[in-house]
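Q: What would the 3D arrangement of this be:
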Amino acid sequence: MRRFREEKGSALVMVMFMMLILTLLGVAVLSAAVGGARRTLTRENDIQSLQLTQKTLDESVAYIAEKLDGEKLKANVLGSTLQNVLTGIPALQASNAATGEGVKTELALASTRLLSAKASDDFAGNALKKESSYTVTLIAQSEINGVKRTLKQDVKVSLYPDFLNYAFGSEQDLILNGSPTIKGNIYAGKTLRVNNVANYAYRGQNLQKTSLFPRMQNRADGSQPLAFIQSLEDFTLSENGYAPRAVNRGADGAALSGELTIANVRKALDIDLSQVRIRKNEQFVKVDVDQSFRDKFIQALGLSESVEIADYASYLNGYPNALKMPVKPVPPVRPVDPLSTDKTIQDQYKKELDAYEKAYTDYIQVQLPKYQKELSDLTTALTTMKSTVVFNGDLNVDGDWLKGLMQTAKSASSWLIVNGNLTVNNTLDNTPLNIDSSILVTGAVNLGGKITVDSTLLTLGNTKIQDATITGVSKSGSVKEIVLISKGPILLNRVDAFSQANVAQTLRGFFYTDAAAELYGVGSNFDLQGGFFAKGNLTVNAVVGNSVEDASRQNIVFDDQTISKTSRFKVDYNDQVFNNQGLALPRVDQISVKAEKIELIQESQIPSK
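A: Purely as a prediction, here's the structure:
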């Protein structure tokens with residue numbers, strides 16, 4: 001009985017202990033529920049603030065594009081026009097209103113403001129300069145229930161031609177056969193035609209190789225590539241040689257459902273349907289090669305815009321102080337001893353020998369030193385150009401007497417004008433030649449060998465780029481490039497074909513032709529860091545992996561065409577071209593507006609007013 005008496009009250013303790021446990025559990029559950037609700041609310045506020053901020057930026061970009069995109073305008077008034085547009089942005093006006101309410105929203109506790117809209121040259125309240133390109137930085141901020149987010153977006157407003165905005169493009173049909181890898185935007189002025197069969201020529205035969213479809217991939221900065229077309233009806237897909245059909249059509253021509261259209265776009269370019277954009281060719285800002293050449297020519301020589309130039313070559317032939325290639329003296333020929341005992345013949349031979357010795361002495365002591373001095377002066381003139389230089393005749397940069405073309409002080413009016421053909425190809429060794437100059441060429445252009453470049457080049461003739469490795473000059477923390485605009489066709493060819501898939505010929509630059517163009521990454525292997533655009537049709541053919549000639553050299557043997565293999569034609573868009581080549585790029589009279597990606601920034605990163 002004592003044991004039972006000692007256990008009296010134990011039930012109460014147990015009940016109180018259980019109540020404590022349950023209370024703690026309840027508090028924990030309640031705390032978790034309250035914390036989760038708070039986190040959910042905070043996340044909702046975060047998402048809503050981001051959406052409102054992005055909406056403010058989208059509306060501001062739309063306003064700028066509505067006022068400027070496609071408008072006809074001269075470069076000297078772009079700055080003032082842009083300034084008027086920026087001050088009229090509705091979101092900015094609302095943010096600057098006397099009430100300080102910012103942009104109105106449907107959320108009672110929301111505050112959305114466009115903090116600033118400033119162009120790149122709008123500093124310290126000064127008026128914008130008379131430039132051809134500006135970068136407008138938009139900064140917007142939203143706050144909901146104490147959650148504040150700030151976004152920044154750059155918008156490029158320029159009078160530069162549109163072809164510089166694309167990795168591949170054509171004002172007519174853009175034809176992608178096989179498997180090029182594309183990191184950047186593409187544009188088709190008429191039809192975008194995609195096929196998984198690459199065409200190529202081998203020993204006089206026109207052949208085909210079934211490969212993969214093209215692959216559009218994100219760039220290094222994470223930006224998604226976009227395909228600009230006229231309509232989904234003008235985006236055709238062909239597989240294994242079958243007849244092409246629009247990506248939104250079935251084999252019977254009937255319209256496909258949204259899911260099937262998405263699947264076709266994914267198959268054709270490896271991108272989402274949302275990355276396909278409609279940009280009508282009326283909006284495309286074209287470049288007029290003849291007009292651009294004339295503008296740069298007049299600017300370089302300081303001529304009046306009203307001057308009439310019927311023929312550039314004839315105009316330059318009489319140009320004062322024009323450089324030309326010195327004539328290399330020909331050494332005199334030593335007379336041959338007649339080996340005759342006849343005195344008259346011997347006397348004649350001695351006279352000829354005396355004349356030869358005098359001529360040879362003059363050749364060695366006068367003519368040759370003069371020629372070498374003229375050649376040295378010409379080399380110095382072409383490698384230390386401070387203003388416009390005119391060269392009459394064909395110019396050959398061969399690494400022997402001339403290892404490069406350099407301007408020591410670049411400006412919009414400083415050009416090298418070659419009145420003839422320009423050839424850049426190292427014939428002596430493997431040392432890269434340096435082209436660091438803005439150049440106008442009235443004839444043809446031929447590029448080969450290793451070349452480092454920082455140049456804008458316009459030519460009225462054809463262009464041949466054969467077995468060339470073109471890399472950019474490194475300056476001021478950036479890598480430069482060449483912008484080559486050709487009136488005639490551009491032939492891009494590789495002599496050293498059938499290299500390994502990971503050994504590609506580097507071409508850093510943007511290439512434009514006023515004609516049609518066909519590019520091949522089948523036997524050849526190219527790594528284009530920039531873009532290629534044609535006024536006519538642009539056709540790109542490519543396979544993946546290695547391609548080699550068989551032992552009999554009668555056929556090409558290809559690797560298995562699998563997605564793990566590297567494409568033999570890669571293009572990676574370079575968006576620094578406007579900053580690097582801005583002074584020399586051709587101008588147009590139609591405004592282009594291009595919005596860059598949106599960035600999340602901290603409040604401390606907001607520039608002071």
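Q: low pLDDT regions in this structure?
A: Scanning the chain with the threshold set as pLDDT under 70 gives 1-9, 33-46, 96-111, 121-130, 495-496, 501, 604-605, 608-609.
Q: Mind jotting down where the helices sit in it?
A: 2-6, 10-68, 78-87, 90-95, 258-269, 289-301, 312-317, 343-362, 368-383, 577-581 (DSSP state H).
Q: can I get the ones you listed in CSV with distance to Gly521 and mean neighbour count?
A: Using the backbone N, CA and C atoms, a C-beta is placed for each residue, glycine as well. Shown next, in CSV, are the helices of the chain (distance: least, Cβ to Cβ, whole Å; neighbours: other Cβ atoms under 10 Å):
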stretch, distance to Gly521, mean neighbour count
helix 2-6, 94, 7
helix 10-68, 36, 14
helix 78-87, 39, 18
helix 90-95, 46, 18
helix 258-269, 17, 17
helix 289-301, 26, 18
helix 312-317, 36, 15
helix 343-362, 56, 12
helix 368-383, 35, 14
helix 577-581, 22, 19
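Q: Please state the offset of stretch 417-431 from the chain centre?
A: 24 Å (Cα atoms, centre = their mean, to the nearest Å).
Q: Now it - C-alpha only, PDB.
A: Once non-C-alpha atoms are left out, stretch 417-431 reads as follows in PDB (Å, rounded to 0.1, in the frame of the first residue of the first chain):
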ATOM      1  CA  ILE A 417      42.300  55.600 -99.500                       C
ATOM      2  CA  VAL A 418      43.700  52.900-101.800                       C
ATOM      3  CA  ASN A 419      43.100  53.800-105.400                       C
ATOM      4  CA  GLY A 420      43.600  50.200-106.600                       C
ATOM      5  CA  ASN A 421      43.600  46.700-105.100                       C
ATOM      6  CA  LEU A 422      44.600  46.000-101.500                       C
ATOM      7  CA  THR A 423      46.300  42.700-100.700                       C
ATOM      8  CA  VAL A 424      47.200  41.700 -97.100                       C
ATOM      9  CA  ASN A 425      49.000  38.300 -97.000                       C
ATOM     10  CA  ASN A 426      52.300  37.500 -95.200                       C
ATOM     11  CA  THR A 427      54.500  35.700 -97.800                       C
ATOM     12  CA  LEU A 428      57.700  35.500 -95.600                       C
ATOM     13  CA  ASP A 429      57.000  34.100 -92.200                       C
ATOM     14  CA  ASN A 430      54.200  33.400 -89.700                       C
ATOM     15  CA  THR A 431      54.400  36.900 -88.000                       C
END
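Q: Could I get the buried residue list for it?
A: By neighbour count on 16 or more other Cβ atoms under 10 Å, the buried set for stretch 417-431 is Ile417, Val418, Asn419, Gly420, Asn421, Leu422, Thr423, Val424, Asn425, Asn426.
Q: Can you tell me how far the second one is from Phe510?
A: Distance, Val418 to Phe510, by Cβ to Cβ, to the nearest Å: 20 Å.
Q: if we can go back for a sec, tell me which of the buried residues of stretch 417-431 is nearest to Arg266?
A: Val424 (42.5 Å; Cβ to Cβ).
Q: okay but the closest one is in contact with Thr452, surely?
A: No - look at Val424 against Thr452 with Cβ atoms under 8 Å: they stay out of range, at 10.8 Å.
Q: quick one on the thing from earlier: would CSV of the helices of the chain with distance to Asp550 be doable?
A: As requested, the helices of the chain are arranged in CSV below (distance: least, Cβ to Cβ, whole Å):
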stretch, distance to Asp550
helix 2-6, 101
helix 10-68, 55
helix 78-87, 58
helix 90-95, 65
helix 258-269, 32
helix 289-301, 43
helix 312-317, 48
helix 343-362, 58
helix 368-383, 47
helix 577-581, 41
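Q: out of these, nearest to Phe213?
A: Closest approach to Phe213 among the helices of the chain (Cβ to Cβ): helix 258-269, 5.7 Å.
Q: Mind jotting down where the strands sit in the stretch 151-300 of the chain?
A: Along the stretch 151-300 of the chain, counting by DSSP state E, counting those that start in this stretch, strands occupy 168-170, 174-178, 181-183, 186-188, 192-195, 197-202, 205-210, 215-216, 227-229, 235-238, 245-246, 276-278.
Q: can you put those in JSON lines and add distance to Ile298 and mean neighbour count?
A: Converted to JSON lines, the strands of the stretch 151-300 of the chain look like this (distance: least, Cβ to Cβ, whole Å; neighbours: other Cβ under 10 Å):
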{"stretch": "strand 168-170", "distance to Ile298": "28", "mean neighbour count": "27"}
{"stretch": "strand 174-178", "distance to Ile298": "33", "mean neighbour count": "27"}
{"stretch": "strand 181-183", "distance to Ile298": "37", "mean neighbour count": "23"}
{"stretch": "strand 186-188", "distance to Ile298": "30", "mean neighbour count": "27"}
{"stretch": "strand 192-195", "distance to Ile298": "37", "mean neighbour count": "24"}
{"stretch": "strand 197-202", "distance to Ile298": "42", "mean neighbour count": "19"}
{"stretch": "strand 205-210", "distance to Ile298": "45", "mean neighbour count": "13"}
{"stretch": "strand 215-216", "distance to Ile298": "40", "mean neighbour count": "20"}
{"stretch": "strand 227-229", "distance to Ile298": "33", "mean neighbour count": "24"}
{"stretch": "strand 235-238", "distance to Ile298": "41", "mean neighbour count": "21"}
{"stretch": "strand 245-246", "distance to Ile298": "46", "mean neighbour count": "18"}
{"stretch": "strand 276-278", "distance to Ile298": "37", "mean neighbour count": "14"}
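Q: Save these as a markdown table, and put in distance to Leu25 too.
A: Output for the strands of the stretch 151-300 of the chain, formatted as a markdown table (distance: least, Cβ to Cβ, whole Å):
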| stretch | distance to Leu25 |
| --- | --- |
| strand 168-170 | 64 |
| strand 174-178 | 63 |
| strand 181-183 | 55 |
| strand 186-188 | 60 |
| strand 192-195 | 61 |
| strand 197-202 | 68 |
| strand 205-210 | 66 |
| strand 215-216 | 54 |
| strand 227-229 | 57 |
| strand 235-238 | 60 |
| strand 245-246 | 63 |
| strand 276-278 | 55 |
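Q: Compare those strands and report which one is nearest to Thr469.
A: strand 181-183 (19.2 Å).
Q: Pairing partners for Ile601 in the sheet, please.
A: Thr150 (DSSP bridges).
Q: Could you verify my assumption that it touches Gln153?
A: No - in this structure, Ile601 is not within contact of Gln153 by Cβ under 8 Å, at 10.3 Å.
Q: And these two? Which one has more around it.
A: Gln153 (21 against 14; other Cβ atoms under 10 Å).
Q: Now do the contacts for the more buried one.
A: Residues in contact with Gln153 (Cβ atoms under 8 Å, 6 or more residues apart in numbering) are Leu57, Val61, Thr137, Leu138, Ala595, Glu596, Lys597, Ile598, Glu599.
Q: And the residues you listed, which two are furthest apart?
A: It's Val61 and Glu599 that sit farthest apart of the contacts of Gln153, by Cβ to Cβ, at 14.0 Å.
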